[in-house]
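Novice: what follows is a predicted structure for the sequence shown.
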Amino acid sequence: MPGTLYVVATPIGNLEDVTLRALRILREVSLVAAEDTRRTARLLQHYSISTPATSLHEHNEYARTPHLIARLKGGDSIALVSDAGTPGVSDPGARLVQAAHQAGIKVEPIPGPSAVTAMVSACGIGADGFVFAGFAPAKAGQRKRWLAGLADERRAVVFYEAPHRVLATLGDIHLELGDRVVAIGRELTKVHEQLAVRPINAWLADPPPPQGELVMVVYPRTAAMVGDKERPTAAVIASEFGRSAEIEGLTRKEAMRAVADRLGIRVKEVFDALEHVKNSAK
């Protein structure tokens with residue numbers, strides 16, 4: 001009789017954040033397939049669990065999966081764990097889970113910690129829902145296009161970001177999405193945990209330290225920014241731009257951002273409106 005592949009959620013920082021069921025499963029299975037065996041060893045040792053572990057990460061998942069499927073078919077049960085949180089949520093393991101389903105092997109989730117749900121629960125998003133977008137693209141151009149694709153999303157957008165890119169990403173959010181409220185959670189459940197909800201301008205003026213694991217939440221456009229009122233026409237945007245550029249003496253880039261902030265729209269919308277007015281005048 002085939003074994004079971006258990007997808008086990010483990011703590012994202014605080015080792016106390018583990019379920020009794022997860023500990024039982026980790027003790028009972030024949031093998032733990034871990035993203036980082038050294039990190040998982042700390043959890044197993046903390047709870048005096050002696051189950052052997054093998055590595056399963058993004059660089060060896062393709063090669064290791066057939067061997068693990070063979071063990072499952074042979075009757076061994078395996079616990080799949082990631083470095084922290086729930087496996088398969090922007091972590092390795094999806095290939096093994098898919099292969100198990102294809103082989104007719106039972107896959108059983110053992111729910112528990114997740115940085116995404118931990119962050120959402122503390123942000124007051126409520127019943128409006130949210131979109132989890134994984135990791136933000138590392139390259140600036142790809143990240144800007146990625147954010148632009150989320151501009152019309154009416155729900156909060158939750159994603160992971162590397163600490164050394166957080167300031168650049170905040171700038172791109174301001175550029176592509178306009179004046180938004182952003183929540184940033186850093187080192188959730190750990191000793192130096194920080195979680196705050198602030199307007200994007202406040203974050204740009206005082207960004208979080210470039211260290212630790214980050215979860216970001218971009219809130220949807222507020223009623224004051226969109227609401228029931230009509231969006232400004234291209235002519236109105238162009239008029240506002242002219243005032244900022246001529247009367248306030250701002251550069252083109254500064255004027256576009258000032259108009260975007262004032263009207264609660266994206267900088268790209270200002271650019272598109274100016275292009276539309278220019279082309280209409282030809």
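Specialist: Now that the structure is in, tell me what you want to look at.
Novice: domain assignment for this structure?
Specialist: The record's domain split for the chain, according to automatic domain parsing, is 4-113, 116-218, 234-280.
Novice: and the last one, end to end?
Specialist: Looking at domain 234-280, the gap from its leading to its trailing residue is 11 Å under the measure CA to CA, to the nearest Å.
Novice: show me where the protein has its helices.
Specialist: With DSSP state H as the criterion, the chain has helices at 20-28, 37-46, 61-73, 94-102, 115-121, 140-148, 166-177, 200-205, 234-242, 252-263, 267-280.
Novice: how far off centre is stretch 185-199?
Specialist: 14 Å (CA atoms, centre = their mean, to the nearest Å).
Novice: ok, and what's touching stretch 267-282?
Specialist: By CB atoms under 8 Å, 6 or more residues apart in numbering, the residues outside stretch 267-282 that reach it are 148, 151, 174-176, 178, 232-235, 237-238, 241, 256-257, 259-260, 263. C-beta here means a position set from N, CA and C on the backbone, and glycine is covered the same way.
Novice: check the residues you listed for burial and list the buried ones.
Specialist: Buried by 16 or more other CB atoms under 10 Å: 174-176, 178, 232, 234, 237-238, 241, 256-257, 259-260, 263, out of the contacts of stretch 267-282.
Novice: what's the separation between the residue lying closest to Pro220 once chain neighbours are set aside and Ala34?
Specialist: The shortest distance from Pro220 to any residue other than its chain neighbours is 5.4 Å, reached at Arg154 (CB to CB, 6 or more residues apart in numbering). Arg154 sits 38 Å away from Ala34, taking CB to CB, to the nearest Å as the criterion.
Novice: just His276 next, same as before
Specialist: Distance from His276 to Ala34, by CB to CB: 55 Å.
Novice: neighbour count for these two, which is higher?
Specialist: Counted by other CB atoms under 10 Å, His276 and Ala34 do not tie: Ala34 has more neighbours, with 27 against 15.
Novice: ok, the closest residue to that one other than its chain neighbours to Ile49 distance?
Specialist: Nearest residue to Ala34, sequence neighbours excluded (CB to CB, 6+ apart): Thr40, at 3.8 Å. Counting by CB to CB, the gap from Thr40 to Ile49 is 10 Å.
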